[in-house]
Structure formats: structure tokens, C-alpha cells
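J.: sequence-free structure coming up:
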């Protein structure tokens, strides 16, 4: 009988069995790689909308490939973007020229087709800025700086169904509570935050923070709210039960936006004139570091808009460098850059498309 060379014992095992075991190990290893690649792909999958204020455009980017799928026209100087809960449409607020005609429209983008669906004319309500979707996916809260108001728009019909006066100059940013019963509006020129009961349609508290109140971040448990005061370089912490400022912290130069990390342990603040991002420890109420967005140059990135995305990351818009900075929230390091149009600011993200 002729013996196959593959039956030669090696280290106490027939070579054939050893090779089989080796193949199984390789197969498992490759399978693990596939799973890791799938996980990374899941994190990167989705669609990013970036508004370019100086170009008057909205850029749609495929996050997996970083491909620009479309660059669409908006109204004049689009500032904020929000995507509906079902991921089907994005809305951009067209603020208008700073020293010229005020904007009075919203641009609606169909993300399935990658085209502008329509423009909603808000009529007498001008300088729309802050946007926040209600949970029903049909109603949208919009700040109208020109009229010191928060309006509620029924997007499918373009109908304004509620107008709530803030009586505060430059009502700019709006956030909603998770149950949609309250709205929190930052009023830049008066240095205040309006707390609005949406069912009653009235302001129930006016919190005095400091000059230039603008960026708002709400903790995941909704116990406190952090608001940036851009003219005095501070951040105020507001207790959301008493509506009182419980602490004020020093920030960088011209703090303009704020975001909690998903686990609620840190708050990031974009310092526009400082060109960096402050990282605060929430428990200690202390700034633990600053992230220089352009460490290898003297250029000021002019960070404004910020947006958390899957994979424990956050995007920061560099209005002066025309690109986004991708920051890893596990170590607060810049891990990537995404080129944009001129003066990016407002962003929105969905994994629906």
C-alpha cells in the first residue's frame, strides 16, 4: 500500500489533520476580520448633510466612501440643518445676509433622490435659524430672530401652526426635551435662555446666563443644560428642575456651540475665535484639555457647528478652513478630515440612506 505524504505524523498529529486545523483557524480569523469590517462599515454607513454658508449650498456626503453625492442650492446663507426622524428629508434654515436682507425660507431636501424638494416661505417670519424636529416627524420648531419668536411648522403642508413669542432679541438656537413638552431657546443679545411650555404655548421661565448666550447642550438624563456665553467666554450650567444657573465655567475664546458626549461624561465646546475645542469633565466641572484643530499651522479653523456621529465620534465644522474635523471621543484626538465647500457650519446625519 502506498502511503500518502499527508499522513506523515508531525508533532504527534497526522499532517493532514494539522493542515485541516490550520485551515479552520484561518477561516475563523478571516470571519472575525469580516465581522470587524462589517462593524466599521456600519459605523461609517449613512448620509451626512453639510451646509456651506458662503456658497449657499447643501452638500450631501456618503460617509462610507466620503463621496460627495450632490451639492444642492439653498437660500442665502444657510445656517442650521436637521434631518427628519425617518431620515427621508433634510431641512436647512436660510438666515439671509448678516448686513443685508433677512432670509425667510427653509430649503427641503429629499435624501432618497438627492434633490431639492421645495422651499418653504415663512412669510413675515424672518431670519430663521435654530431647528428641531418633533418626534412625530411632521412638525418642526424654528426660531425666527426677526420676530423674537419660536414657530412650529407642519412640514408636509408648509403651515405654521403655532407662534410663541420669546420677547428676547436674537432667539437663535432651539432644543426640545425628549418628550417634546418643552423647548429651550438661547437668546444671544439678551444673554438669556427661554424655557417654553409647548402645550401651553408660552414661556414659563427666563434664565439669565450671560452676554451672548448661544450654544446649548442637554445632558442625556435631561437633568442639566450647558449654554455657551460667547461674548464673555464662559459656559453656564442650568439645573433643569429649578431653571437656575448652578455654576459658570471659563471656556475658550468666543464659545459658540456645545455637545455632550453620548455617555454624558464630558461636554465639548467649540471656541470660534480660539480655533480650538474645550473638553469639560462633567462630574468635576472642570476643563481638562483643549483640542487645537490646526496644531501644525497658525491658521484659525473657526470652529462653529458640531455633530456627534456613530462610532463615538464628533464632527466639528471649520468655517475658516473649509473642512470638517473628525474627533475620536475616546481619546479626544483628531482622526480624520472631510473637505467641504466655503464656510461649513450646520450639519445633520442619518443612517437611513
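T.: Nice, I can see it. Here the structure is a predicted model, which means the values were calculated and not measured.
J.: from here on, just use CA atoms for contacts and neighbour counts.
T.: OK.
J.: where do the helices sit along the stretch 51-200 of the chain?
T.: Applying DSSP state H, counting those that start in this stretch to the stretch 51-200 of the chain gives no helices.
J.: measure the nearest residue to residue 151 once chain neighbours are set aside to residue 106 for me?
T.: Closest residue to residue 151 apart from its sequence neighbours, by Cα to Cα, 6 or more residues apart in numbering: residue 163 at 4.5 Å. Distance of residue 163 to residue 106, computed by Cα to Cα, to the nearest Å: 17 Å.
J.: which one's more surrounded, these two?
T.: Using other Cα atoms under 10 Å, the more surrounded residue of residue 163 and residue 106 is residue 106, with 25 against 19.
J.: which residues touch the more buried one?
T.: Residue 106 makes contacts with 75, 91, 92, 93, 94, 119, 120, 121, 122, 128, as judged by Cα atoms under 8 Å, 6 or more residues apart in numbering.
J.: test my guess that the first one contacts residue 102.
T.: This points to residue 75. No: contact criterion Cα atoms under 8 Å: residue 75 and residue 102 do not qualify, at 10.8 Å.
J.: overlap in contacts of the two?
T.: Joint contacts of residue 75 and residue 102 (Cα under 8 Å, 6+ apart) are residue 96.
J.: between those two, point out the one with more neighbours.
T.: Between residue 75 and residue 102, counting by other Cα under 10 Å, residue 75 is the more crowded of the two (22 against 19).
J.: not counting residues beside it along the chain, what's closest to that one?
T.: Of all residues not flanking residue 75 in the chain, residue 94 sits nearest, at 5.1 Å (Cα to Cα, 6+ apart).
J.: same deal with residue 231?
T.: residue 212 (5.0 Å).
J.: what's near enough to touch that neighbour?
T.: By Cα under 8 Å, 6+ apart, the neighbours of residue 212 are 187, 188, 189, 190, 191, 228, 229, 230, 231, 232.
J.: what does the model give it for pLDDT?
T.: With respect to pLDDT, residue 212 has a value of 98.
J.: next, the residue minimising distance to the centre of the chain: phi, psi?
T.: The centroid of the chain falls nearest to residue 307 when counting by Cα atoms, centre = their mean (2.3 Å). Torsion angles at residue 307 (phi, psi; degrees, to the nearest 10) stand at phi -150, psi 110.
J.: what bridges to it?
T.: residue 315 (DSSP bridges).
J.: pLDDT wise, what is residue 11 at?
T.: The model reports residue 11 with a pLDDT of 38.
J.: and what of the one 4 residues further on?
T.: According to the per-residue confidence, residue 15 scores 45 in pLDDT.
J.: residue 44 too?
T.: The predicted local confidence for residue 44 is 78.
J.: what does residue 222 give?
T.: Predicted confidence (pLDDT) for residue 222: 98.
J.: and it, which of the three is it?
T.: At residue 222, secondary structure determined by DSSP: H, G, I helix; E, B strand; the rest coil is coil.
J.: quick one on the thing from earlier: pull out the buried residues from the contacts of residue 212.
T.: Using 16 or more other Cα atoms under 10 Å as the burial test, the contacts of residue 212 include 187, 188, 189, 190, 191, 228, 229, 230, 231, 232 as buried.
J.: contacts only, for the residue nearest to residue 75.
T.: 74-79, 103-107, 127-129.
J.: what of residue 143?
T.: With Cα under 8 Å, 6+ apart, residue 143 has these contacts: 127, 128, 129, 130, 131, 149, 150, 151, 171, 172, 173, 174.
J.: buried among the residues you listed? Make that a ChimeraX selection.
T.: Per 16+ other Cα under 10 Å, the buried members of the contacts of residue 143 correspond to this ChimeraX selection:
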select :127,128,129,130,131,149,150,151,171,172,173,174
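J.: got the contacts of residue 143 as JSON lines, with distance to residue 58 and pLDDT columns?
T.: JSON lines is the format used below for the contacts of residue 143 (distance: Cα to Cα, whole Å; pLDDT from 0 to 100):
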{"residue": "127", "distance to residue 58": "18", "pLDDT": "98"}
{"residue": "128", "distance to residue 58": "16", "pLDDT": "98"}
{"residue": "129", "distance to residue 58": "15", "pLDDT": "98"}
{"residue": "130", "distance to residue 58": "16", "pLDDT": "98"}
{"residue": "131", "distance to residue 58": "16", "pLDDT": "98"}
{"residue": "149", "distance to residue 58": "25", "pLDDT": "98"}
{"residue": "150", "distance to residue 58": "24", "pLDDT": "98"}
{"residue": "151", "distance to residue 58": "23", "pLDDT": "98"}
{"residue": "171", "distance to residue 58": "23", "pLDDT": "97"}
{"residue": "172", "distance to residue 58": "20", "pLDDT": "97"}
{"residue": "173", "distance to residue 58": "20", "pLDDT": "98"}
{"residue": "174", "distance to residue 58": "21", "pLDDT": "98"}
